[in-house]
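>>> Sharing a sequence plus its predicted fold:
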Amino acid sequence: MAVELNHTIVHARNNRESAEFLAGILGLEVGTEWGPFVPVATGNGVTLDYASFPAESITAQHYAFLVSDDEFDAAFTRIQQAAITYYADPYMHRAGEMNHYNGGRGLYFRDPAGHAMEILTRP
């Protein structure tokens, strides 16, 4: 069997809020809460298990999601409709822009806990 990433725990101030935020942007389902976790499963079977932590103990992380062009368009529309600030760069200096790395499109935005979320169409 090949080694695969199965799940990761994502620290959040409010696990439900953060899970619903990401699922809403990406057009995914929020799974059934179990124990301290609210899961969001991606199309390749990796689950982000959101867990609530005190704000001062959260270290911002980066999560990148490879999406199709149609999925990018839908997510970008939701980002714009929600008036979420997005950036072309991982340092989040170029607000209101997207990038075209590797001939695709990409952008970064922050989730409610401050994590840097990225959507991109070409790895």
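Structure received.
>>> Mind jotting down where the helices sit in this structure?
Using DSSP state H, the helices assigned to the chain run over residues 15-26, 69-81.
>>> What's the local residue count around residue 17?
Other residues near residue 17 come to 15 when the count uses other Cβ atoms under 10 Å. Backbone N, C-alpha and C define where each C-beta goes, glycine included.
>>> I'd like to know how far it sits from residue 54.
Taking Cβ to Cβ, to the nearest Å as the measure, residue 17 and residue 54 are separated by 15 Å.
>>> can you list contacts of stretch 61-77?
Residues lying outside stretch 61-77 but in contact with it, judged by Cβ atoms under 8 Å, 6 or more residues apart in numbering, are 10-11, 25-27, 42, 48, 86, 90, 98, 105, 107, 115-121, 123.
>>> how far does it sit from the chain's center?
Computed by Cα atoms, centre = their mean, to the nearest Å, the chain-centroid distance of stretch 61-77 equals 8 Å.
>>> got the buried residues for that stretch?
For stretch 61-77, a neighbour-count test (16 or more other Cβ atoms under 10 Å) marks 65-67, 71-72, 75-76 as buried.
>>> residues in contact with stretch 85-97?
Identification of contacts with stretch 85-97 by Cβ under 8 Å, 6+ apart yields 62, 76, 79, 98-99, 106-110, 116, 118.
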